[in-house]
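1. Next input, structure requested:
(3 chains)
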Amino acid sequence: MEWLQQLVNGISIGSIYALIALGYTMVYGIIKLINFAHGDIFMIGAFVGFYGLTHWHIGFIPSLLAAMIICSILGVVIERLAYKRLRNATRIAALITAIGMSLLIEYTTIFFRGAQPEAYPDDAVISKTFTIFGTQISSESIIILATTIILMVLLQFIVHKTKIGKAMRAVSHDMEAARLMGINVNNTISATFAIGSALAGAAGVVFGLYYTKIDPLMGIIPGVKAFIAAVLGGIGSIPGAMTGGMVLGIVETIVSAVGFSMWRDAAAFIILILILIFKPAGIFGKNTREKV
Amino acid sequence: MNNPLLKVENVGIQFGGLKAVQGFDMELFEGELVGLIGPNGAGKTTSFNMLTGVYKPTEGQITFDGKVTNKMSPHQVTKSGVSRTFQNIRLFKELTVLDNVKVANHSLANHSLMSSVLRLPAHFKGEAKMEQQSIEFLKIFELDKYKDELAKNLPYGMQRRLEIARALAAGPKLLLLDEPAAGMNPQETRALMDLIALIRKKFDLTILLIEHDMGLVMGICERIYVLDHGQLIASGTPEEIRSNKKVIEAYLGEEVTI
Amino acid sequence: MKISKPFWIYTMIAIIGYVIVQVMISSGQLDMYYSNLFITMAINVMLAVSLHLVIGITGQFSIGHAGFLAVGAYISAICTMQLQLPFIVGLIVGAVVAAIAGLIVGIPTLRLRGDYLAIATLGFAEIIRIIFLNWDYVGGAAGMQVMQQTTWTYAFFGMLITIIVISNFTRSRHGRACIAIREDEIAADAMGINITYYKVLAFAIGSLFAGLAGGLFSHNFFIIQPAQFGFLKSFDILIYVVLGGLGSLSGAVIAAVALTIISLYLQDFPETRMIIYSLVLILVMLYRPVGLMGTKEITDLFKRKRKGGDVHE
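-> Numbering: from 1, shown residues only, chains lettered A, B, ... in the order given. Below you'll find the predicted structure:
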C-alpha cells in the first residue's frame, strides 16, 4: 500500500498547487500577465493564518477566512496601483513590474518582521491519523482536500452561475467586445484578482497546516510551481489548473519516493520545459496563432 | 509556353475546424503582373502567408522556381526569391529607414560573424557595399533623404513605400504586395502604380498583388485571380473578370464598381 | 576604410581609467575594500552587457542569466582547483562551457515567446543550480573552496573585451538582424533573416560572457555556493538592463556601475536594498518604461554635436 500512501501525499501537496494555480490561470486568462507576485500573496495568506491561530486565537475557519479576505484586498490593491496602468504597455514591462511587485512584498515583509521562520501550532485543527487500507491519512490531509474541494466547487459556481463569472468569461474571451457590451472591464479584472488572491490566501493557510514551517520567502518556489501547474493544465483553463496542480503534486511525490528527493524541484522545471516545447497549449488549452 | 515561375496546386489550409482556403490553384509566369482580389475575409492574405511560408498549407503543393516551398520557413522562401510586404505595415519601427533596407539586404552580404566582431577588412567592405546598395533602393523610392529618420517617424504613405523598398532589397524574383495602395489618396496611388511598373521593368520582377482599389487592379494587372470564401471563383484577364457572373455576385453589396 | 577614430578615443579613455586604478591599487591608495569594489563593478558590467545583448538587442526576455554565471563560476573553479590548470585557461574553459550551456538551453526554448520564454529560462537556471547543488564533486550545498586569483587587470580586460565584442557585433549586419527580430519577428523572417539562428547566436554569445564573468566572480571569493546563483542574482542582472534602458549598451553599463556602488552602501541593510530596487523597478516601468537611456547610447550625444561630420560609429 506504499503507492496509495504516496498518492495521498501527492494529492495533498497537489491541492495546494492547484489552489495557487487557479489564481495564475484566471489572471493570465484575463490580462495575459504572469502575476509573479501571486506566490507572495500566498505567503501573506500563510502569515495571516498563523497570526489568526496563534495571536488572535480565532480558530481555524475564521483564520482561513481572514487570510482569504486580506489577500483578496491585497490582490486588488496591487492590481489597481500597478497592473492597471500597464494594460497597454508591452508584455515585458508588465512582467518586470510583476517581478518587482513580488520582490517588494517579500522584502517589505522581511523589513517589518524579519526573515526568521514561524511554525504553525500543532493543535490548530484536530490532529488524528486514520488508517484506511493500510494507508496513513492524517486529519490535516483530509482538511486540505476538503478545503480545496469546497473552494473549487464554489469557484465553479461563481464562474458559471453568477453575473460576475459571466463577465469574467466574457472579458477573458475578448476584452474590447466585452467593454462594448457594457461590461465594466476594470471591475471584472479586479474581481478576478480578488478571487484568485483569496484562493492563494487559503492555500497559504493549508500549506502552513501541512508543512508547519512558514517564512517570508516561502512563496517563491510554490508560486513558480503553481505557475508550472497552470501551464501544464493549459493556461487560462480552470479545470486545467486543478488537474495540472494534482499531476504536479503526484509527480513530485513519486520523484521523492523513488529516492531523488534532492531533484524534486528540478522535476517541476523539467516538466515545464517539456510541456512548453511539445505542447505549449497544455492539457486543456487551445492553440492560438499570431495574426499576420 | 515555358514552365511557370510559381505553381500553386490544390493548396488549402485549415485552422481548427475552419477551412480558410481550399483547392487554390495558381500559375504565375516570369514577368507577369497579376492581381489577387476578393471580398474581405476571402483568404487573400492567408494565401500570401502560405506562399511566403508564414503558414504551412495543410494540403497541396507550392513550387517556386523548381523548388517545393510549402514546407520551408519564411526566411528560406525569401532566400529562394519570394519577398513580400504586409497589409498592416510591419516595419522595424525603431530602426532608421536605411537600416530597415539593410536588414533585408542581409542575405546578399556575406561577411562573417568573426570579421564583424574583430572588425576585419571584410566587415568594412561588406558593410560599405550594403550601405551603397541600400541607398540605391531608397533612391528609387525617393526615400534617400530620409535615410537617418526612424521608420516610425515617416508619414504613412512613405512607410508603405519603404516596405516595398525593403522587400525589393531582399532580392526577389517574385514580389508579393499586400494592398500596397491602402490608405493612399488618388495622386499617391497613381505615383505608386508608376513606381510598381518601373521596378518591375528594372528588376525583371514577377509581381502578385492584393488590392482593394479596383481601378488600380484593372488598370495594371494582366491577369486576375478572384477568391471568395476561401475558394478560387474565377481567373482571367481584367475584361473576363469584369463580366464574370460569380465575381459580380461575390461583390454584390460591397461598394465596388467593376 | 579603417577602424574609426571614436573607437580608439573610447578605448584610450578606458585604458587610462584602468591605469589610474591600477596605480592606485599598487601604491596602496585603494585598499582591498575598494579594489574589490572595482572588480565587482567590472564583473557586473560584463553581466549587464551580456544580458543586454539577449534582452535589449535581440528582444528575448531571459530571466535566468545567473545560470550561465554559475556554469562559468563552477567550471573555471574546477579547472583551477581540481585540475590545477592556470587561471586564464579556467576562465576560457568556463566561458566556452557556459556558451555551450547557452546553446543547449537556447535551442529548445527560444522558439517560445515573451513570458513563456521568461519562465523557461528561469526554469533552466534553476535546473543548473540544482545540478550543482547535487554534485558532490563541487561540494554540493556547502560550496567549493576557490583560490582568490581575480585581479583588477583580469576584471578590466574581461570587461573591455565583453564591451568591444558585443558593441562590434551589434553594429554589423549580424546585430542588425538581431534588432530586426526584436522589432518584428515575422517581418524579420520574411526579409530572409534566419531568426532561430540569430536568437540562439545572441543567446550563446550572452552566455559566453556571463560565463567569463562567472570565472572572475568565483575567483574573487574564497568560496562559491549554489545559493549565490539563484533567482535573486538573475533579477539583479535584469535590473541593470531594464534600468539602463532596453537596447542601450551604455545604459546597461551606467546602471551596473551605479547599482554596484549603491549596493555597497546598502550592504548592511539587504532588505532596504531590495525594497528600493523593487520600487525603482516598478516605478521605472510605470513612468519611464524605456529605462534611463531608452535605446540611445551615450556616444550619440557627442555625435549630435558634430552633425554633418563623417562619423561612422
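2. Skip the chain neighbours and tell me the closest residue to residue C:39.
-> residue C:155 (4.4 Å; Cβ to Cβ, 6 or more residues apart in numbering or on different chains). Where C-beta positions appear, they are placed from N, C-alpha and C, glycine not excepted.
3. One more: residue A:235?
-> residue A:28 (5.0 Å).
4. give the contact list for that neighbour.
-> Shown in contact with residue A:28 (Cβ atoms under 8 Å, 6 or more residues apart in numbering or on different chains): A:34-35, A:230, A:235-236.
5. tell me the residue furthest from the middle of chain B?
-> residue B:118 (36.7 Å; Cα atoms, centre = their mean).
6. Mind telling me what element the residue lying closest to it once chain neighbours are set aside is part of?
-> The shortest distance from residue B:118 to any residue other than its chain neighbours is 7.6 Å, reached at residue C:168 (Cβ to Cβ, 6+ apart). If you go by DSSP states H and E, residue C:168 is part of helix C:152-170.
7. Moving C-terminal from that helix, which element do we reach first?
-> The first helix or strand that comes after helix C:152-170 along the chain, using DSSP H and E, is helix C:173-183.
8. how about that next one, does it reach chain A?
-> No - applying Cβ under 8 Å from any Cβ of the partner chain, one finds helix C:173-183 separated from chain A by no less than 10.5 Å.
9. From the chain's centre, how far out is that helix? Work that out for me.
-> Its chain's C-alpha centre and that of helix C:173-183 lie 19 Å apart, by Cα atoms, centre = their mean, to the nearest Å.
10. With stretch B:205-215 instead?
-> Per Cα atoms, centre = their mean, the displacement of stretch B:205-215 from the mean C-alpha position of its chain is 9 Å.
11. after the helix or strand encompassing the residue nearest to residue A:235, next one along is what?
-> Under the criterion of DSSP H and E, residue A:28 resides in helix A:2-31. Moving toward the C-terminus from helix A:2-31, the next helix or strand (DSSP H and E) is helix A:38-54.
12. next one: that next one to chain centre, how far?
-> Centroid displacement of helix A:38-54 relative to its chain, using Cα atoms, centre = their mean, is 13 Å.
13. Could I get the buried residue list for the next helix-or-strand element following that helix?
-> Downstream of helix A:38-54, the first helix or strand assigned by DSSP H and E is helix A:60-81. Neighbour counts over helix A:60-81 (16 or more other Cβ atoms under 10 Å in any protein chain shown) mark A:60, A:63-68, A:70-72, A:74-76, A:78-79 as buried.
14. does helix A:60-81 come close to chain C?
-> No - using Cβ under 8 Å from any Cβ, helix A:60-81 stays clear of chain C, with a minimum separation of 8.9 Å.
15. which outside residues touch that helix?
-> A:23, A:37, A:41-42, A:44-46, A:48-49, A:52-53, A:56, A:58, A:101, A:124-125, A:143, A:147, A:189-190, A:193-202, A:204-206, A:209.
16. Any of the residues you listed buried? List them.
-> A:23, A:37, A:41-42, A:44-46, A:48-49, A:52-53, A:101, A:124-125, A:143, A:147, A:189-190, A:193-202, A:204-206, A:209.
17. and chain C, which of those residues contact it?
-> The subset of these within reach of chain C, by Cβ under 8 Å from any Cβ, is residue A:101.
18. where are the low-confidence patches of chain C?
-> Applying pLDDT under 70 to chain C picks out residues C:1-4, C:301-313.
19. What are the boundaries of the strands in it?
-> With DSSP state E, the ranges of strands along chain C come out as C:144-145, C:223-224.
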